[in-house]
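Student: Need coordinates for the following:
(one chain, ligands or ions: 2)
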Amino acid sequence: MDPLSFSYAASPSRIVFGAGSLERLPGELDRLGVRRALVMCTPNQRGQAEAVAQRLPGRVAGIFDGAEMHVPIEVARRARAAAAALDADCALAVGGGSTIGLGKAIALESGLPIVAVPTTYAGSEATPIYGITEAGLKKTGRDARVLPRTVVYDPTLSLTLPLPLTVSSTLNAIAHACEGLYAHDGNPVTALMAEEGIRACAGALQPLHADPQDLPARSQALYGAWLCGTVLGAVSMGLHHKLCHTLGGSFGLPHAEVHSVILPHAMRYNTAAAPQAMERIARALGADDAPLGLHRLAAEHGAPLSLQEIGMPESGLDRAAELAASQPYPNPRPLEQAALRQLLEAAFHGRAPLATPNAA
Ligand SMILES: NC(=O)C1=CN([C@@H]2O[C@H](COP(=O)(O)OP(=O)(O)OC[C@H]3O[C@@H](n4cnc5c(N)ncnc54)[C@H](OP(=O)(O)O)[C@@H]3O)[C@@H](O)[C@H]2O)C=CC1
Ligand SMILES: O=C(O)/C=C\C(=O)CC(=O)O
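Tutor: Residues are numbered from 1 along each chain as shown. Ligands and ions are numbered 1, 2, ... in the order given. Model (predicted):
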């Protein structure tokens with residue numbers, strides 16, 4: 001197959017990046033003709049949302065502070081009703097993937113434009129992917145309406161992100177890029193972004209570990225998160241993301257942490273089937289071996305290493321392997337339930353990924 005045969009579509013989002021760029025938010029709303037923004041946040045980030053609202057006198061329809069992880073449908077319905085009742089003309093999401101995801105739930109139904117001000121490294125602001133959880137099942141989809149029109153990346157807003165979450169959220173970002181490097185619908189541009197995204201994210205962890213208030217390192221992590229999120233938005237995800245969604249959606253495990261634990265193991269599962277991707281990941285990490293490099297990065301910076309420690313019941317491993325193997329999706333190596341069960345066993349106990357793949 002010709003390796004230089006691809007299709008490419010650039011993201012139409014407008015990106016405003018840099019320390020202090022929140023000051024540019026009023027001008028960005030002007031560009032979109034926004035008059036009544038619904039400012040959205042989680043309950044604990046209400047203060048931050050109020051501070052953002054104060055920068056927009058006369059242009060805030062209200063504050064909705066009920067965002068929750070994985071966008072429960074009941075929360076989505078409440079937010080949609082609030083946006084309609086307040087006659088909002090924009091969903092202004094200030095927060096991490098949970099808040100931005102709620103903005104997407106509104107946009108999906110109403111077509112309202114989203115302006116995102118991300119405060120974690122999850123990358124949702126850079127994708128047309130939405131996720132909504134109903135009756136214990138998380139469904140994801142793609143729709144151009146949910147891609148934020150404008151993203152204001154201001155690294156000063158992430159200075160308050162606690163270090164453990166900083167580390168796991170950065171690994172969540174790195175996971176997007178890792179899978180982007182072997183995606184069947186990737187292209188040379190997403191590969192460049194992925195490798196640079198991994199390098200930027202991984203390189204930010206050491207200085208942030210030493211000082212979580214290191215603003216240049218926060219900028220670097222956010223820059224990497226933008227690149228990795230853009231990759232996620234452009235290509236199909238494989239085993240790693242599917243496994244994380246199964247574990248998050250059906251077993252309630254925390255999103256960024258489950259990514260941190262699974263990533264080295266999912267990369268080992270795919271090592272033999274995606275050698276070029278592994279080479280690029282290893283190069284970006286400055287490691288000899290991609291899965292071991294990812295495991296080391298997580299271990300050195302105190303990320304959780306085992307499913308056990310983030311709440312996975314051992315009794316659920318069979319079911320998780322079954323669920324992960326039950327729906328077909330593109331992945332470099334075919335999905336084999338027994339091998340996935342072995343992967344989950346190693347991840348459950350927090351073992352380093354085996355030096356050779358767990359099946360031929
Ligand atoms: N559609 C897509 O493309 C993507 C969607 N997602 C989705 O996003 C969600 C995960 O995103 P993630 O960002 O990890 O989760 P959250 O948005 O839930 O944020 C994680 C944690 O970060 C804390 N936090 C956020 N901002 C700050 C801040 N400025 N200072 C201090 N603490 C802060 C929150 O605290 P508190 O709760 O106290 O506010 C929360 O506990 C999942 O539902 C996932 O499925 C993730 C990636 C891509
Ligand atoms: O679950 C969603 O909302 C959609 C995608 C993601 O969460 C990507 C990820 O697993 O980080």
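
Student: got a list of what residue 226 touches?
Tutor: 15, 17, 123, 126, 151, 153, 197 (Cβ atoms under 8 Å, 6 or more residues apart in numbering). Every C-beta, even on glycine, is put in place using the N, C-alpha and C of the backbone.

Student: Now the first one: which helix or strand?
Tutor: Secondary structure from DSSP states H and E places residue 15 in strand 14-17.

Student: cool, the fifth one as well?
Tutor: In this assignment (DSSP H and E), residue 151 forms part of strand 150-153.

Student: Tell me the residues of the stretch 251-360 of the chain that contact ligand 1?
Tutor: 255, 256 (Cβ under 6 Å from any ligand atom).

Student: Any stretches of the stretch 251-360 of the chain with poor pLDDT?
Tutor: For the stretch 251-360 of the chain, the stretches flagged by pLDDT under 70 are 355-360.

Student: just the strands in it please.
Tutor: With strands called from DSSP state E, counting those that start in this stretch, the stretch 251-360 of the chain shows none.

Student: After the strand holding residue 151, which helix or strand is next?
Tutor: Going down the chain from strand 150-153, the next helix or strand is helix 163-182, by DSSP H and E.

Student: Quick one: list the elements packing against that following helix.
Tutor: helix 188-210, helix 215-234, helix 239-251, helix 255-270, helix 275-285, helix 290-300 (3 or more Cβ pairs under 8 Å, 6 or more residues apart in numbering; DSSP states H and E).

Student: now the angle from that helix to helix 290-300?
Tutor: Counting by axes from the mean of the first three to the mean of the last three Cα atoms, to 10 degrees, helix 163-182 lies at 170 degrees to helix 290-300.

Student: Not counting sequence-adjacent ones, nearest residue to the spatially most central residue of the chain?
Tutor: Nearest to the mean C-alpha position of the chain, by Cα atoms, centre = their mean, lies residue 122 at 3.0 Å. Spatial nearest neighbour of residue 122, chain neighbours left out: residue 97 (3.5 Å); criterion: Cβ to Cβ, 6 or more residues apart in numbering.

Student: Pull up the gap between residue 159 and residue 22, please.
Tutor: 12 Å (Cβ to Cβ, to the nearest Å).

Student: what subset of the contacts of residue 226 is also close to ligand 1?
Tutor: Restricting those to those touching ligand 1 (Cβ under 6 Å from any ligand atom) yields residue 123.

Student: of all the contacts of residue 226, which comes closest to residue 347?
Tutor: Nearest to residue 347, judged by Cβ to Cβ, of these is residue 123 at 22.0 Å.

Student: Could you measure from the closest one over to residue 226?
Tutor: Distance from residue 123 to residue 226, by Cβ to Cβ: 7 Å.

Student: which bits of the stretch 151-300 of the chain sit near ligand 2?
Tutor: Checking the stretch 151-300 of the chain against ligand 2 by Cβ under 6 Å from any ligand atom, the hits are 172, 241, 244, 245.

Student: Where is pLDDT lowest across those residues?
Tutor: Across these, the bottom pLDDT score, 89, is held by residue 245.

Student: List the beta-bridge partners for the residue lying closest to that residue once chain neighbours are set aside.
Tutor: Of all residues not flanking residue 245 in the chain, residue 138 sits nearest, at 6.1 Å (Cβ to Cβ, 6+ apart). Legend: beta-bridge partners of residue 138 under DSSP bridges are residue 133.

Student: Cool, thanks, talk later.
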